[in-house]
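[1] coordinates for the following, if possible.
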Amino acid sequence: MTLQPVRTLRAAVSATASLAVPVTLFAATLTAHAGTPFTLITNWYAQAEHGGFYEAQAEGLYSKAGLDVTLRMGGPQVNSTQLLAAGQAQCVITDDIGTMSARAHGVPMELVATSFQHDPTVLIAHDDVPDIKALRTRTILASSAAYSSWWPWAKVTLGFKDDQVRPYTFNIQPFIAGPNVAQQGYLTSEPYSLSKVGAKFKVFPLGDAGYPPYGNAIACRTDVIEQHPDQVAAFVKASAQGWKDYLAHPEAGDAAIRKDNPDMTQDQLDYAVKALNASGLVEGGDAKTHGIGVITAERLKASWTMAVNGGLVDPKQVALDQFYTTRFVDRDPVLP
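    Numbers count the residues shown, from 1 in each chain. Now for the predicted structure:
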């Protein structure tokens, strides 16, 4: 069984300095100009991991907030960073490291909110493995993108070594056939495929082991943040409400997802929504008390420090205060 090459192909998008311009944040949610065009480029084909955005669109939350939102699917041939830099979108779905990397390459963006309170990347092991650190003795199948994201952290934190890695080709058969093999995956994807073939396995989320980045975060162009903060506030607020609604009753969002991506099955959507709810990726962590979509300076400092120490980011190119702003999540939160 061959899997779609899921979210490990995250686009490298950038960040920019936090702006000191005072704006009315969520109070401005309903004041964006009626029907203002606003485009979000996602990080893959439409799926439950984008459900909050599709739900917000299907329910008319964006239009009520004065935005005419276009959800543009990502994919293996879509370079969202380049498209954003070319002005073809206001925001993209990315993560902490991708934002820092793009900032280092001169694309002025910054994180403004997130979908998931933790990165959904997991390590999948056979059911005889007691804990994630026990994978030090196993062969680990990892994608090439892992080397510029979680692998440097895993070597330091979990004691993994480069000589135990083999390429992950987004096919679950090598894992099934190899009793001493573990593989990377995505919380809502590979476990679904493995469960469908009756495999016995354990899932170890990297976030549970301390990997600090957020998952499916929203990063927007600096010029949009500076010139149209009301639009960004409206989008963030409506998206947070969309996530809350999607996790409670995903029917409208699912229909919109399947319209954009006919290859997505309802069974897989159902599995993913259940996993999102059970894991607390959207509504757990800081979101419990500070609202869906919240990002914090403490967490982002941890991500930045990890990236710097791992050689993924040059602090001379990307300062800590240059790749995110919390202004759009600090007021009027959408609580779970």
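
[2] what distance do you get for the closest residue to Gly280 other than its chain neighbours to Pro262?
    Excluding the flanking residues, the one nearest Gly280 by Cβ to Cβ, 6 or more residues apart in numbering is Gln117, at 7.2 Å. Yep, even glycine has a C-beta here, placed from its N, CA and C like the rest. From Gln117 across to Pro262, the span is 30 Å (Cβ to Cβ, to the nearest Å).

[3] neighbours of the residue nearest to Gly280, how many?
    Neighbours of Gln117 under the rule other Cβ atoms under 10 Å: 25.

[4] one more: Thr305?
    There are 14 residues near Thr305, going by other Cβ under 10 Å.

[5] and it, that's in a strand?
    No - under the criterion used here (DSSP: H, G, I helix; E, B strand; the rest coil), Thr305 is helix, not part of a strand.

[6] would you map the strands across this structure?
    Assigned by DSSP state E, the chain shows strands spanning 36-41, 67-72, 91-94, 109-116, 121-126, 139-142, 165-167, 181-186, 201-205, 215-221.

[7] contact partners for the nearest residue to Pro120 once chain neighbours are set aside?
    Nearest residue to Pro120 in three dimensions, chain neighbours excluded: Leu187, at 4.3 Å (Cβ to Cβ, 6+ apart). Taking Cβ atoms under 8 Å, 6 or more residues apart in numbering as the criterion, Leu187 is in contact with Pro120, Thr121, Val122, Val203, Pro205, Ala275, Ser279, Leu281.

[8] Ala297 versus Leu187, what's the distance?
    The spacing between Leu187 and Ala297, counted by Cβ to Cβ, is 26 Å.

[9] and if you look at Gln322?
    Distance of Gln322 to Ala297, given as Cβ to Cβ: 13 Å.

[10] per-residue pLDDT, the closest residue to Pro152 other than its chain neighbours?
    Excluding the flanking residues, the one nearest Pro152 by Cβ to Cβ, 6+ apart is Gly310, at 3.4 Å. Looking at Gly310, its pLDDT stands at 95.

[11] isn't Gly310 right next to Ala154, touching?
    No - Gly310 is beyond contact range of Ala154, at 9.9 Å (criterion: Cβ atoms under 8 Å).

[12] looking at these two, which is more packed in?
    Taking other Cβ under 10 Å, Gly310 and Ala154 do not tie; Ala154 has more neighbours (25 against 19).

[13] got a list of what the more buried one touches?
    Ala154 touches Phe160, Leu206, Tyr211, counting by Cβ under 8 Å, 6+ apart.

[14] same question for Ala256.
    Residues in contact with Ala256 (Cβ under 8 Å, 6+ apart) are Ala46, Tyr54, Glu55, Gln57, Ala58.

[15] distance of it relative to Tyr54?
    4 Å.

[16] list the residues that contact both of these two?
    The contact sets of Ala256 and Tyr54 overlap at Ala46 (Cβ under 8 Å, 6+ apart).

[17] and the biggest helix by length in the chain, how far out from the chain's middle?
    Identified as the longest helix of the chain according to DSSP state H is helix 229-248. In this view, helix 229-248 has its centroid 15 Å away from the chain centroid, taken as Cα atoms, centre = their mean, to the nearest Å.

[18] got the buried residues for it?
    In terms of neighbour count (16 or more other Cβ atoms under 10 Å), helix 229-248 has its buried residues at 229-247.

[19] all helices for the stretch 1-150 of the chain, in order.
    Assignment of helices within the stretch 1-150 of the chain using DSSP state H, counting those that start in this stretch yields the ranges 51-59, 61-64, 80-85, 96-104.

[20] reformat those as JSON lines; add mean pLDDT.
    Shown next, in JSON lines, are these (pLDDT from 0 to 100):
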{"stretch": "helix 51-59", "mean pLDDT": "99"}
{"stretch": "helix 61-64", "mean pLDDT": "98"}
{"stretch": "helix 80-85", "mean pLDDT": "96"}
{"stretch": "helix 96-104", "mean pLDDT": "97"}
